[in-house]
Structures are given as C-alpha cells and as structure tokens.
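the amino acid sequence is not available; the structure is as follows:
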Ligand SMILES: Nc1ncnc2c1ncn2[C@@H]1O[C@H](COP(=O)(O)OP(=O)(O)OP(=O)(O)O)[C@@H](O)[C@H]1O
C-alpha cells in the first residue's frame, strides 16, 4: 500500500511536470493544482482529492482538456486515461505540501549553517536511505501548517528569547536545549513557534523526521492504540522520529496512563539524542496533576515563556499579516486596531479579517472611518469576562433558530452546516480552546474540520455580506450577554 502511494505520487508528479509547460495552465490554475492530493488509480481513472467544490470545478472545467492530454502523455495504455475529482474538506494542510523528494538528501554538510557543522551527520545516516515504505507516511505525518514559519513570526520584546531558543533547537536538534519548554497564555504564538521549528529543521536537514502533535491527539492516539491492540504502531509513530513537537501538554493533567505513555516516549527520545519541544499554558512547576518525575524532566532543558506583545509588536504583526495577504492598509489603521485589541494575537488577527472583509464587501478602501465603524461593534471585554463555548453555541443556535443538538449533530444541510461552522469560528476566535478541543465539543469532530470551518468562514466573510453580518451580529450578542 505504501509502495502504491509512493507510486501514485510519482505518477501524479509526472502529470504535473507536463502541465507545468502547458500554456493553458496559467499561474492561478497552478495554484489550484497545488491543492490536489492524488489518491490512486482504478479502472483507468486517476482519483484526485481536493479541499472544496471550487477547486473541483477548476479541474473539471478549466483544466480538463489539459489534464487529459497530460495523462495521455504520461500514462501509457495500461495507466489512467481519465480522472475523477473527489471533494474532501478535511484534507490536512501538511498533505498539500510539495512532494518530498526521496533523492534530495544532500551530503551532511551541504546547505547547513556553519554554526552547527554536520550536526545531523549520524542521524541523517540513520534515516537514509529513505525507503519507499516510509516515504508517504513521513510526508503526511509531520502535520505541519505551512503558514507558521519563522519568516511569518514577528520578533518583539515579548517573545525574543523564546524565538531565539526555537531557532537554536531547529539548527542543532538535541544539541542546544533538550527539552525546550515554551509556556504562555493562549494565542501568543506557542503553536506557531513549534511549527516553525519543524519547517526550519526540515529545510536544514532534509530527511529529518519531525512530528507535530497536540496533546489531545496524543491522548486519543494512545487510547485508540490500546483499544485496537496497536501499541507497537503507536510506539513507532512517536519514537522513530528525530524531533517531537508536542503542543499544550497541560491537557495531559490527571491522565495517568497517557502520562505514562508520554513518559516512556520522552525517555526513549531523550536517551537516543532526539529533540523534544513542549508547550504549555503554565511553567512546569505550576503544572498540577503531573507526577514529579514528569515535571522534573520538563526542567532538564530550557524553559522560556512568551508574553503578551507590546503595542509595537502588535503593529508589526498586523503589518506582516497585511503584507502576506497583499492588503493595502494605512499605518494609522493598523495602529488603531493594535491599540484596541491587546491581549491575544488570535483576536488581533480576527479583527483584521473583519475590517478587510467589511471593506471588500463595500468595495471601499480601508481607512480610519471604516475601521471605527467595524470596531464599534466589537466590544472588547475585560480579562475577567471569559466567554464560554456554551454561550457561543447557545447564542448561535438561537440566532439561527436551530437547536443546540443541530449544531452538535451530523446534519449536512447547508443551513445547519454554515451555522455550525460559524459557531466553530467564533469558538476559535473568542475562546482559548484548541482546535481538537473545539472538535470534541462539536460531536467529536476531527481538529481538521475545525481548521476548515475557520478558514471557510473567514473567506466567506469577505465574499458574502450576509455571513459578515451574521458573524458580527452574533459576536456582539455573545459579548453583550457576557457583560
Ligand atoms: N510573533 C508572532 N508573529 C506573527 N504571528 C503571530 C505571532 N504570535 C502569534 N501569532 C499568530 O497568532 C495566532 C495565535 O498563535 P498560536 O496559535 O501560535 O498561539 P498559542 O500560544 O499556541 O495559543 P493556544 O495556547 O491557544 O494554542 C496564530 O495565527 C499565529 O500565527
């Protein structure tokens, strides 16, 4: 099966190579091709998975002739002569990363920073040759989000040390600090740093095995492995790696058996000189519900925190975000937003999305008058006024005249699905809950479903006035109810 997947990836790559020199495929169309995950060939049909209907439409309509021609050119008479597109909104982003090249592992010294000459020599020797068997699993298993890189991370007083430690760990895994423990309140960039370590390490040491996991996923994975008698596969997944990035460790509080599994994983990795990076909302010594031996291990390496960013850093974060989304926003507007939303970067980004959505719906430039109108509706709460997901779900259900069960349930009717996605979006923006936790709340859905809902609603807010209005109206009702 693994061989098949590798073979399929290579066959699809040959099709892409032909398409890359086809004049009919313009730059935006190449963008859509980048969203395709090739799944397999059956009965002469190449099955392709894409994340949404729009991309499916682009493939089926605008690119059909070119793709068929490319298939004819690359797949001989026994291969695929046609293709079928399947929409799967839950494609995870790491699946969409460029195909991993099995032959690109360079000599240990090539392309490495001089600060860490040959740091990965023996380890890379251990992981190569990269066999076909491990390749597809590896490619999907890093679970890294392309958005969260060091390039997109703004350094300020509040996170300078954590950033420097993260870079050092990526440059010299298991040599600088092991474990690296990063703590801080919600929405201050811990997850971003974890992913950035993964990306940077992979760019420095092609072939290095990185795995990002939230503690909730680790727990679920552990429980499933027991239920399905697949303990060996679980161990392999978490121990045959070079860097383990584990997010929100506080979630393991009071889960004795999962902690035990993590304890062994940690020891194995540490003993074999593999890097572990951990994030948490509290420093090790304040983490209750953990055994002392666990807490003391967290203190073996380096402990660093991330704090709430100061005004300058908040402005810089907004500026970077605006640049990466190619938005033209005057400095005074960025400064105004940064002065109004101070504690949480996720909420800061959410506010920018709303401002640009409002401008794009009204086809007006973003200026001070506009930003004041938009922010008027966004009452900011004191730190003591914490919004609970129950408030969000109840208010959303009432607003759409649905029952709470509808939002938790599995109905796929358009109206219920959108209401559910809006509720997920608001849970993400207005609470401290992680993606897996929100997924759990909504009838045990996967965290990728929440990620998808989040992206879909932020996109729809720019395109459909009704959605923008609903999200704005709901936010103010939820916040009013909390005052
Ligand atoms: N310094 C920064 N520069 C640019 N973007 C940032 C920075 N810090 C945080 N962000 C952005 O803010 C959002 C929230 O950050 P992130 O998810 O990493 O927070 P977190 O500390 O892991 O929160 P939680 O504990 O809730 O998981 C992300 O979109 C992230 O990209």
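Done, it's in. Quick caveat, the model's predicted, so the values are computed rather than measured.

check the closest residue to the ligand within the stretch 251-400 of the chain and give its pLDDT.
Closest contact between the stretch 251-400 of the chain and the ligand, by Cβ to the nearest ligand atom, is at residue 345 (3.5 Å). C-beta here means a position set from N, CA and C on the backbone, and glycine is covered the same way. Confidence at residue 345, expressed as pLDDT, is 91.

what sits against it?
Listed by Cβ atoms under 8 Å, 6 or more residues apart in numbering, the contact set of residue 345 reads 187, 188, 189, 309, 314, 317.

quick check: nearest residue in space to residue 273, chain neighbours excluded?
Spatially, and ignoring its direct neighbours in sequence, residue 273 is nearest to residue 174 (4.6 Å; Cβ to Cβ, 6 or more residues apart in numbering).

isn't there a strand covering that neighbour?
No - per DSSP: H, G, I helix; E, B strand; the rest coil, residue 174 lies outside any strand segment and is coil.

out of the contacts of residue 345, who's near the ligand?
Applying Cβ under 6 Å from any ligand atom to the contacts of residue 345, one finds that 187, 188, 189, 317 fall near the ligand.

what pLDDT is listed against the third one?
At residue 189 the predicted local distance difference test score is 95.

tell me the SS of residue 84?
The three-state label given to residue 84 by three-state DSSP is strand.

quick one on the thing from earlier: weed out the non-buried ones from the contacts of residue 345.
Among the contacts of residue 345, those classed as buried by 16 or more other Cβ atoms under 10 Å are 187, 188, 189, 309, 314, 317.

which helix or strand contains the closest residue to residue 58 other than its chain neighbours?
The shortest distance from residue 58 to any non-neighbouring residue, by Cβ to Cβ, 6+ apart, is to residue 32 (4.4 Å). Assigned by DSSP states H and E, residue 32 belongs to helix 27-33.

show me which residues of that helix are buried.
Buried residues in helix 27-33 (16+ other Cβ under 10 Å): 29, 32, 33.

list the contacts of that helix.
With contact meaning Cβ under 8 Å, 6+ apart, helix 27-33 is reached by 16, 19, 20, 25, 50, 55, 58, 59, 62, 63.

can you put the contacts of residue 345 in JSON lines and add distance to residue 76 and secondary structure?
Converted to JSON lines, the contacts of residue 345 look like this (distance: Cβ to Cβ, whole Å; DSSP: H, G, I helix; E, B strand; the rest coil):
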{"residue": "187", "distance to residue 76": "53", "secondary structure": "coil"}
{"residue": "188", "distance to residue 76": "54", "secondary structure": "coil"}
{"residue": "189", "distance to residue 76": "50", "secondary structure": "coil"}
{"residue": "309", "distance to residue 76": "57", "secondary structure": "coil"}
{"residue": "314", "distance to residue 76": "57", "secondary structure": "helix"}
{"residue": "317", "distance to residue 76": "52", "secondary structure": "helix"}
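
which ones are touching the closest residue to the ligand within the stretch 151-300 of the chain?
Residue nearest to the ligand within the stretch 151-300 of the chain (Cβ to the nearest ligand atom): residue 189, separated by 2.7 Å. The contact partners of residue 189, taken as Cβ under 8 Å, 6+ apart, are 153, 159, 162, 306, 345.

what is the burial count for the residue nearest to residue 420 when sequence neighbours are not counted?
Nearest in space to residue 420, with sequence neighbours left out and distances taken as Cβ to Cβ, 6+ apart, is residue 407 at 5.1 Å. Residues lying near residue 407 (other Cβ atoms under 10 Å) number 24.

so how far is residue 428 from residue 407?
Noted for residue 407: a distance of 15 Å to residue 428, by Cβ to Cβ, to the nearest Å.

residue 250 now?
18 Å.

these two: which is more packed in?
Between residue 250 and residue 428, residue 428 has the larger neighbour count (other Cβ under 10 Å), namely 23 against 16.

for the more buried one, which non-adjacent residue is closest in space?
Sequence neighbours aside, residue 454 is the residue nearest to residue 428 in space, at 5.1 Å (criterion: Cβ to Cβ, 6+ apart).

ok, which stretches of this structure are strands?
Assigned by DSSP state E, the chain shows strands spanning 37-42, 45-50, 82-87, 180-183, 210-214, 243-247, 275-280, 302-305.

nearest to residue 355 among the buried residues of helix 27-33?
residue 32 (27.8 Å; Cβ to Cβ).

pLDDT score for that closest one?
With respect to pLDDT, residue 32 has a value of 81.

residues contacting the closest residue to residue 358 other than its chain neighbours?
Take residue 358 and drop its neighbours on the chain: the residue closest to it by Cβ to Cβ, 6+ apart is residue 374, 5.0 Å away. Counting by Cβ under 8 Å, 6+ apart, residue 374 touches 351, 354, 355, 358, 472.

now the buried members of those residues.
351, 354, 355, 358, 472.

now tabulate the residues you listed in a markdown table and tack on distance to residue 433 and pLDDT.
Below are the buried ones among the contacts of residue 374 laid out as a markdown table (distance: Cβ to Cβ, whole Å; pLDDT from 0 to 100):
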| residue | distance to residue 433 | pLDDT |
| --- | --- | --- |
| 351 | 19 | 90 |
| 354 | 20 | 89 |
| 355 | 24 | 91 |
| 358 | 26 | 89 |
| 472 | 21 | 89 |
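
show me which residues of this protein sit near the ligand.
Looking at the ligand, the residues of the chain close enough under Cβ under 6 Å from any ligand atom are 148, 152-154, 159, 184, 186-192, 248, 317, 345-346, 349, 432, 434.

filter those down to the ones in helices?
Using DSSP state H, the members of those that fall in helices are 190, 191, 192, 317, 345, 346, 349.

show me what contacts the second one?
By Cβ under 8 Å, 6+ apart, the contact set of residue 191 is 148, 247, 279.

same deal with the third one?
For residue 192, the set of contacting residues under the criterion of Cβ under 8 Å, 6+ apart consists of 148, 152, 153.

understood, closing this out.
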